[in-house]
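Peer 1: Pasting the sequence and the predicted coordinates here, then a few questions.
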Amino acid sequence: MIKEFFRKRSLNLCIINTGGCNGCDIEIVSTLAPKFDIEQYGIYVHNNPREADILVITGPVTLPWKDKLVEIYNKVPEPKIVIAVGACALSGGIFKEGNVYAPVDKFVHVDAKLPGCPPRPSEIIDAILKIVPDAIALREKAIKNEEKEISSENLN
Amino acid sequence: MNVVPIGPIHPILKEPIRLKLIVEGEQVLGSEVEMGYVHRGIERIIEGKHHLKGIHLVERVCGICSYIHTYTFAECIENYSKIEIPDKAKYLRVITCELERIHSHLIASAVYNFSIEHETLGMWGLNAREHVMDLLEMITGNRVNMGYNLVGGVRADINKEMIDKIHNKLNELRDDLKNIVAAFETGPLIGLRGKGIGVIKYKGIMKTRAVGPIARAAALPESDWRLRHPVYKTFKFKPVWFENGDCHDRMEVRHHEVLGSIDLIEQALEAYNECAGDVRVKADIKGGEGEWRNEAHRGEVTYKVATTNNGIIKRILVRTPTVMNIEAMKIMFRTCPTISDAVTTYTSIDPCVSCTERTIILKDSKTGKTSNYSFNLI
């Protein structure tokens, strides 16, 4: 109960640059600045997939990332939320003709999409705050239902 | 001997790169760098496109130093097809370029300060940077990928209110910066983490051809390509240099360069006030090829472009500073007593991975021979 309450309010964020031009990453880093201050919302940018709640994926998927993206996605504990940031992650953007395998949702399940090249820091914060608490609650419910079903099946 | 892998996803890295540190205890003995995570084949995409499309692609070679790439690309084509751009555009380009240099150096300093776990200075740096981002947004209309430059001038002019605002913000920024520089120079813990760590001297620089703030921290002031630029020659400007070549000096070079950039912007604004007319001319591009170099925020950037008569790009070759600086990093690792010092050394060269990865290798399907995709092949 207490864990559920706080999980919705304190979140760890992990940035994965799957081959973008750095512009989106820079805008995510500038959300740390005192002008935007993402930490006052209880969001901590830590870049560690093993304790992350939110994955922020920027960039078209390049060749080495094809397998590694799924690998990293599997390492993140449940419930996890994926936000695709920037035009490259959504459609390949300007690099569509190049050596890329966009979009991101071919490989992992994406909860929110944020267009822009790059989106502004305030938009990134807005998107995270809008999607994440409800999405985490929904996912947690789904996991609990699955566990119940499994345990009831075992009883039968 | 153990191997400590760092990356491609790691708390200190913002870009994917894999470092393998060979360690004995905590002493770093050697390193391997594994790259290729950001290879999109951008040179190949640009080939065969019109220069108006090409300039947007060139901007996205890198997101942090996006303006300097379009600046060099435009000047390269203007140089060999002899396009005379208006004076106003020349000075507007200098102003935008120097503003971007300030924001790039400030974020480098902030990331370095986070990596030596001095969070206060990191936050001060990020806070000062937001002033510059506001100015960039006011002048060009966007924060990061600006789309401001063109072959033959710039897209928009500035007015008198904007000039006043730039002066005010720059004065605020100068006060903030003097505070940061004083704290950085006198902080005892900052000195302990930076002085004598990651040393590279003249011999190492000549061996690896390192450029930019790394060369200038090792007493090589002539590595600044702004000294050879026709517009910068008209301003009063001296390159910054230090002589120890360690992490601390590299950050000092960046801090003092920011102060120099503020002076350059003020000189450029003075010169701008005396000009009149348009900011853009029609570009008649002649077929040919040429080469142009500029001082990017991390060092010297080279563009080689070949175009047809209508402005279609035949072949483009980009050489960015981080290619050489990552080689220099291997020499710096010899003076890193701990693993966390290796991480701060990595952040002190301010690497830009997405700039770096563009190599194309050709493979003959009949003979199986591989060769480089050289500029003169077409």
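Peer 2: Cool, got the structure.

Peer 1: Now the phi/psi pair for the residue in chain A that chain B sits nearest to, please.
Peer 2: Among the residues of chain A, residue A:23 lies nearest to chain B; the distance is 3.0 Å by Cβ to the nearest Cβ. Placement of C-beta: from N, CA and C, glycine included. Here the main-chain torsion angles of residue A:23 (degrees, to the nearest 10) amount to phi -60, psi -40.

Peer 1: biggest helix in chain A by residues?
Peer 2: For chain A, the longest helix by residue count, based on DSSP state H, is helix A:121-155.

Peer 1: Now do that helix, average pLDDT.
Peer 2: Averaged over helix A:121-155, pLDDT sits at 83.

Peer 1: picking that back up, can you count the residues close to the residue nearest to the residue of chain A closest to chain B when sequence neighbours are not counted?
Peer 2: Beyond its immediate neighbours in the sequence, the residue positioned closest to residue A:23 (Cβ to Cβ, 6 or more residues apart in numbering or on different chains) is residue B:63, lying 3.0 Å away. As a burial measure, residue B:63 scores 25 neighbours (other Cβ atoms under 10 Å in any protein chain shown).

Peer 1: Next up, the contacts around residue B:63.
Peer 2: When contacts are counted by Cβ atoms under 8 Å, 6 or more residues apart in numbering or on different chains, residue B:63 is found next to A:20-26, A:118, B:144-145, B:354.

Peer 1: ok, back up a step: am I right that the residue of chain A closest to chain B is in contact with residue B:146?
Peer 2: No - the pair residue A:23 / residue B:146 is not scored as a contact, 10.4 Å apart, by Cβ atoms under 8 Å.

Peer 1: From residue B:354, how far off is the residue of chain A closest to chain B?
Peer 2: If you measure residue A:23 against residue B:354 using Cβ to Cβ, to the nearest Å, the figure is 9 Å.

Peer 1: quick one: is stretch B:32-45 near chain A?
Peer 2: Yes - part of stretch B:32-45 sits close enough to chain A to count as contact by Cβ under 8 Å from any Cβ of the partner chain, namely B:36-42, B:44-45.

Peer 1: Name the residues that touch that stretch?
Peer 2: The contact list for stretch B:32-45 (Cβ under 8 Å, 6+ apart) reads A:17, A:19-20, A:59-60, A:62-65, A:95, A:97-100, B:8, B:15-20, B:22, B:57, B:60-61, B:316-318, B:326, B:329-330, B:353-354, B:356-360.

Peer 1: which parts of that stretch are buried?
Peer 2: Residues of stretch B:32-45 classed as buried: B:35, B:37-45 (neighbour count, 16 or more other Cβ atoms under 10 Å in any protein chain shown).

Peer 1: What mean pLDDT does the helix or strand where residue B:271 lies get?
Peer 2: Mapping residue B:271 onto the secondary structure by DSSP states H and E places it in helix B:247-273. Summarised as a single mean, pLDDT over helix B:247-273 is 93.

Peer 1: In terms of secondary structure, what does that helix contact?
Peer 2: If contacts are counted by 3 or more Cβ pairs under 8 Å, 6 or more residues apart in numbering or on different chains; DSSP states H and E, helix B:247-273 sits against helix B:87-115, helix B:160-186, helix B:188-194, helix B:213-217, helix B:339-348.

Peer 1: What residues sit buried inside it?
Peer 2: The neighbour-count criterion (16+ other Cβ under 10 Å) identifies B:247-258, B:260-269, B:271-272 as the buried residues of helix B:247-273.

Peer 1: what pLDDT does the residue of the stretch 151-300 of chain B found nearest chain A get?
Peer 2: Minimum separation of the stretch 151-300 of chain B from chain A (Cβ to the nearest Cβ) falls at residue B:176, amounting to 11.9 Å. The pLDDT attached to residue B:176 in the predicted structure is 89.

Peer 1: what number of residues lie near it?
Peer 2: Neighbour count of residue B:176, defined by other Cβ under 10 Å: 17.

Peer 1: shaky segments in chain A?
Peer 2: Applying pLDDT under 70 to chain A picks out residues A:156.

Peer 1: how about the helices in it?
Peer 2: Here chain A has its helices, by DSSP H, at A:2-7, A:23-29, A:65-75, A:87-91, A:121-155.

Peer 1: Which phi and psi values does the residue in chain B positioned nearest to chain A adopt?
Peer 2: Chain A sits closest to residue B:63 of chain B, with a gap of 3.0 Å, by Cβ to the nearest Cβ. Here is the backbone geometry of residue B:63 (degrees, to the nearest 10): phi -90, psi -30.

Peer 1: rewinding a little: buried subset of the contacts of stretch B:32-45?
Peer 2: Applying the neighbour count, that is 16+ other Cβ under 10 Å, the buried entries in the contacts of stretch B:32-45 are A:17, A:19-20, A:59-60, A:62, A:64-65, A:95, A:98-100, B:8, B:15-19, B:57, B:60-61, B:316-318, B:326, B:329, B:353-354, B:356-358.

Peer 1: Checking residue B:37 next. Helix, strand or coil?
Peer 2: Secondary structure for residue B:37, judged by DSSP: H, G, I helix; E, B strand; the rest coil, is coil.

Peer 1: Please look at residue A:4 and residue A:143 and confirm they touch.
Peer 2: No - between residue A:4 and residue A:143 no contact is recorded; they are 11.4 Å apart, counting by Cβ under 8 Å.

Peer 1: For residue B:106, give me its contacts.
Peer 2: Contacts for residue B:106 (Cβ under 8 Å, 6+ apart) come out as B:125-126, B:128-129, B:132, B:258.

Peer 1: which non-adjacent residue is nearest it?
Peer 2: For residue B:106, ignoring the flanking residues on the chain, the nearest one in space by Cβ to Cβ, 6+ apart is residue B:129 at 4.2 Å.

Peer 1: Residue 144: neighbouring residues, count only.
Peer 2: No chain was given, so I picked chain A. Using other Cβ under 10 Å: residue A:144 sits among 11 other residues.

Peer 1: Chain B was what I was after
Peer 2: Applying other Cβ under 10 Å, we find 25 residues neighbouring residue B:144.

Peer 1: Please apply the same query to residue B:164.
Peer 2: Around residue B:164 there are 10 other residues, counting by other Cβ under 10 Å.

Peer 1: Check residue A:12 too.
Peer 2: If you count neighbours by other Cβ under 10 Å, residue A:12 ends up with 17.

Peer 1: Go ahead and confirm it touches residue A:50.
Peer 2: No - using Cβ under 8 Å, residue A:12 makes no contact with residue A:50, being 9.7 Å away.

Peer 1: if I look at these two, which residues touch both of them?
Peer 2: Overlap between the neighbourhoods of residue A:12 and residue A:50 is empty, taking contacts as Cβ under 8 Å, 6+ apart.

Peer 1: quick one: contacts of the strand ranked longest in chain A?
Peer 2: Assignment by DSSP state E gives strand A:11-17 as the longest strand of chain A. Contacts of strand A:11-17 with the rest of the structure, by Cβ under 8 Å, 6+ apart, involve A:24-25, A:28, A:38, A:42-49, A:51-59, A:69, A:72, A:76, A:128, A:132, B:9, B:14-16, B:38.

Peer 1: among the helices and strands packed on helix B:247-273, which is the most enclosed?
Peer 2: For the helices and strands packed on helix B:247-273, ranked by mean neighbour count under the definition mean count of other Cβ atoms under 10 Å in any protein chain shown, the leader is helix B:213-217 at a mean of 29.
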